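Visitor: below are the sequence and a predicted model; questions follow.
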Amino acid sequence: MFKNLINDKGTSSSSKYAAFCEAYGRLHELRALLSPDVSFIALTATATLDTKKFILDTLCMNNPVEVQESPNKKNVMYSVTYIQQSHRIDDTFQWIVDEIINMGSSAE
């Protein structure tokens with residue numbers, strides 16, 4: 001179902017062994033839930049080399065393409081949503097899939 005997933009906001013204060021918050025301590029669950037064919041985009045403004053390595057290793061992102069500039073584009077959106085643990089991941093992100101299918105690159 002999913003082709004890509006974006007992970008945002010690494011932090012420079014985390015270490016390889018202790019994520020800066022519970023969510024980053026559970027990054028490996030994203031990879032376990034999704035097919036190995038699903039691409040990830042990891043965004044951060046201030047991550048140290050150790051933090052970047054932690055995120056890339058945890059998400060099994062081997063030889064990623066790195067873009068070191070602002071992605072200030074009309075079709076990039078930031079959204080925070082609480083997801084109940086019992087909620088199906090497909091249902092959680094279906095609205096995004098529908099919007100992209102219906103609106104393509106003009107999706108908001």
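Guide: Here it is on my side, so go on. Numbers count the residues shown, from 1 in each chain.

Visitor: please count neighbours and contacts with C-alpha atoms only from this point.
Guide: Noted.

Visitor: pull out the buried residues from the longest helix along the chain.
Guide: Counting by DSSP state H, the longest helix found in the chain is helix 89-103. By 16 or more other C-alpha atoms under 10 Å, helix 89-103 has no buried positions at all.

Visitor: now name the helix or strand holding Ala42.
Guide: Per DSSP states H and E: Ala42 is located in strand 39-43.

Visitor: mind listing the helices for this structure?
Guide: Under DSSP H, the chain gives helices at 22-25, 27-33, 49-58, 89-103.

Visitor: quick one: the third one to strand 39-43, angle?
Guide: What that stands for is helix 49-58. Put simply, helix 49-58 runs at 160 degrees to strand 39-43, going by axes from the mean of the first three to the mean of the last three C-alpha atoms, to 10 degrees.

Visitor: avg pLDDT for the strand holding Ala42?
Guide: For strand 39-43, mean pLDDT is 79.

Visitor: how much space between Arg88 and Leu33?
Guide: Distance of Arg88 to Leu33, given as C-alpha to C-alpha, to the nearest Å: 11 Å.

Visitor: again, but for Ile41
Guide: Ile41 is 16 Å from Leu33, by C-alpha to C-alpha.

Visitor: more neighbours: which of the two?
Guide: Legend: neighbour count by other C-alpha atoms under 10 Å for Ile41 and Leu33, higher for Ile41 (15 against 9).

Visitor: beta partners for that one?
Guide: Judged by DSSP bridges, the bridge partners of Ile41 are Ile6.

Visitor: how far away is it from Ile55?
Guide: 11 Å.

Visitor: also Asp91?
Guide: 25 Å.

Visitor: please apply the same query to Ile101.
Guide: As for Ile101, its distance to Ile55 is 29 Å (criterion: C-alpha to C-alpha).

Visitor: residue ranges in this protein under the pLDDT threshold?
Guide: Low-confidence segments of the chain, defined by pLDDT under 70: 1-24, 70-72, 77-78, 107-108.

Visitor: and if we set it to 50?
Guide: Low-confidence segments of the chain, defined by pLDDT under 50: 1-5, 10-17, 19.
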